[in-house]
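K.L.:
Let's see this in three dimensions:
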Amino acid sequence: MPIRGGATAAYRRQIEAAPDPEAKRIEVERLLRQISSPFRVAESVGIGEMIDPRDTRPLLCQFVRMAQEITATQLGPKFRGMRP
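P.N.:
Predicted coordinates:
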C-alpha cells in the first residue's frame, strides 16, 4: 500500500484529531518514509545480504542452471507410462 493511503488509514484518528490535519498527515507520512527503507527491514529481521535489483536476473539464471543440473542427476529415473 502506498505510504499516503497507509498513513491515512492507519493514523486516521490522530490525523483527524490534530489541530492541523493536513500538517499531521504530512508529518506521519514523513516518519513512515524514514522507517520504510528495505535496508532497515532486512536488518530488523536478520537478513545479512540484500540483492541489488540490477543483479537479480543473473542470479536467477545461475540458480536455474544449478537446479537443472541437480534435477537431471538426483531425481532418479524418469517415469514412463501411466501412474497408478
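
K.L.:
what's the distance between the residue sitting nearest the centre point of the chain and Ser44?
P.N.:
In the chain, the centroid-proximal residue (Cα atoms, centre = their mean) is Pro38; its distance is 7.8 Å. For Pro38, the distance to Ser44 equals 11 Å [Cβ to Cβ, to the nearest Å]. The C-beta positions use only the backbone N, C-alpha and C, and glycine is treated the same way.

K.L.:
what's the answer for Cys61, then?
P.N.:
30 Å.

K.L.:
Return the helix or strand in this protein with minimum mean pLDDT.
P.N.:
helix 3-10 (a mean of 72; mean pLDDT, DSSP states H and E).

K.L.:
Which residues does the helix or strand following that helix contact?
P.N.:
The helix or strand immediately downstream of helix 3-10 is helix 12-17, counting by DSSP states H and E. Applying Cβ atoms under 8 Å, 6 or more residues apart in numbering, the external contacts of helix 12-17 come out as 7-8, 21, 24-25, 28.
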